[in-house]
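J.: Starting from these lines, generate the structure:
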Amino acid sequence: MAVNGNPTVRRRRLGAELRRLRLASGLTSRQVAERLLISQPKISLVENGHRVIKPRDVRDLCGLYGVTDPQVVTALMRMAREADRQGWWVACGEVPYAVYIALETAASSIRSYEPLVIPGLLQTPAYAAAVIAETIPLATAEQIAVRREVRLRRQSRAHHPARSFRLRVVLDESALRGVVGSPEIMREQLEYLNHLAAQPHITVQVLPHDVGAHPGISGQFSILHFDADAAGAGTMYLERFTSDLYLEKRSDVEHYSVMYDRLQAHALNPDSTRRFISRAAEELLAFASLPGRP
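T.: Next comes the predicted model:
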């Protein structure tokens, strides 16, 4: 094991999962250190993501913690191998939500609720450019271009059914009704959304306005799960304008999971959602063709 500066997202996640497994085994960090003939501070550094750990050390820790599922062991060893690998987005320059992109790239599934906009993974290029330009008033043309490029590159994983990734989205009706960019851009976005929603690994459901009060009133949230996660584990992501919030406590993840399940139950089913989105696109087409419209 070697010290390697500030923790990367992968190292933080790996360390958090190893800590969870140790606690579940009933062992203290001192007991682990004694059995593996290493110092206790090394265990703490690994669990806090401040120390690189080799895949074989991960395998030994899994054996000590009684982890018998080979898929979990393999996933943790892979995280160790990739712990310090830079993501593709680093080459794009300063990206404010780089931590989230790293988590999204590593996730095996995402459940997301969006009250006002189409999620970034499902946006068309024109819609993405309009959202970025209109929601970040101080952004320069270069910053807008970088964010758009990053957003579109993020989509490559979500758009390939052969890859092991599951995306579930509940959209408030407001996300469909707000005209972003222009009626033409919005109509194209809705048609594209329906195209993606037909993919087997993507589920889109609309929460109509007539549902009334619901658990999503407090705003956007996403729940990310990873191959090595135990049942009920994962990471909660709450997007904010100046700083984002990440929650990993099991109780927090479970709380938001219940919220998402309620939203899903109130929302239209996927087939009804596609019909709803088609009607919204037709209404935009009719609006765009009105005589005298600029």
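J.: Could you use CA atoms for every contact and neighbour count after this?
T.: OK.
J.: Next, the contact list for A130, please.
T.: A130 makes contact with V180, G181, according to C-alpha atoms under 8 Å, 6 or more residues apart in numbering.
J.: one more time with 6 Å
T.: For A130, the contact set (C-alpha atoms under 6 Å, 6 or more residues apart in numbering) comprises G181.
J.: same thing with R187?
T.: A281, L284.
J.: Swap in 10 Å and give it another go.
T.: Residues near R187 by C-alpha atoms under 10 Å, 6 or more residues apart in numbering: 127, 176, 179-180, 193, 277-278, 280-285, 288.
J.: and what of L196?
T.: So L196 contacts L122, Q123, A158, H159, L190, I202, T203, V204 (C-alpha under 10 Å, 6+ apart).
J.: helix or strand for it, which one?
T.: Using DSSP states H and E, L196 sits in helix 183-197.
J.: chain center to that helix: distance?
T.: Taking C-alpha atoms, centre = their mean, to the nearest Å, one finds helix 183-197 lying 22 Å from the centre of the chain it belongs to.
J.: Just want the most central residue of this protein.
T.: E104 (4.2 Å; C-alpha atoms, centre = their mean).
J.: Could you measure from it over to S182?
T.: 29 Å (C-alpha to C-alpha, to the nearest Å).
J.: likewise R154?
T.: From R154 to S182 the distance is 24 Å (C-alpha to C-alpha).
J.: circling back: in the helix holding L196, what's buried?
T.: Burial within helix 183-197, assessed by neighbour count using 16 or more other C-alpha atoms under 10 Å, is assigned to 183-191, 193-194, 196-197.
J.: could you point out which element follows that helix?
T.: That would be, after helix 183-197 and using DSSP H and E, strand 202-207.
J.: picking that back up, shouldn't the residue nearest to the centre of the chain be in contact with R166?
T.: No. The pair E104 / R166 is not scored as a contact, 11.2 Å apart, by C-alpha atoms under 10 Å.
J.: any residues in contact with both of the two?
T.: In contact with both E104 and R166: I110, A158, H225, using C-alpha under 10 Å, 6+ apart.
J.: who does the last one bridge with?
T.: Translated: H225. Applying DSSP bridges to H225 gives these bridge partners: S109.
J.: Now R262: phi and psi?
T.: phi -70, psi -40 (degrees, to the nearest 10).
J.: And I38, by the same measure?
T.: According to degrees, to the nearest 10, I38 has phi -130, psi 170.
J.: Tell me where the stretch 51-200 of the chain has strands.
T.: Applying DSSP state E, counting those that start in this stretch to the stretch 51-200 of the chain gives strands spanning 51-52, 109-114, 166-172.
J.: Dump these into JSON lines; add distance to H214 as well.
T.: As requested, the strands of the stretch 51-200 of the chain are exported to JSON lines (distance: least, C-alpha to C-alpha, whole Å):
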{"stretch": "strand 51-52", "distance to H214": "43"}
{"stretch": "strand 109-114", "distance to H214": "12"}
{"stretch": "strand 166-172", "distance to H214": "10"}
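J.: what sits opposite V52 in the beta ladder?
T.: A2.
J.: Pull out the buried positions in stretch 122-134.
T.: By neighbour count on 16+ other C-alpha under 10 Å, the buried set for stretch 122-134 is L122, Q123, T124, P125, A126, Y127, A128, A129, A130, V131, I132, A133.
J.: Redo these as TSV? Include distance to M77.
T.: As requested, the buried residues of stretch 122-134 are exported to TSV (distance: C-alpha to C-alpha, whole Å):
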residue	distance to M77
L122	31
Q123	34
T124	36
P125	36
A126	40
Y127	39
A128	36
A129	38
A130	41
V131	39
I132	37
A133	41
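J.: Count the neighbours of T74 for me.
T.: For T74, the count of nearby residues is 16 (other C-alpha atoms under 10 Å).
J.: can you check P208 too?
T.: The burial count for P208: 16, using other C-alpha under 10 Å.
J.: List the contacts of it.
T.: L171, D172, E173, S174, H266, A267, L268, T273, F276.
J.: Find the nearest non-adjacent residue to the third one, please.
T.: Distances taken as C-alpha to C-alpha, 6 or more residues apart in numbering put P208 closest to E173, at 5.1 Å, once the chain neighbours are dropped.
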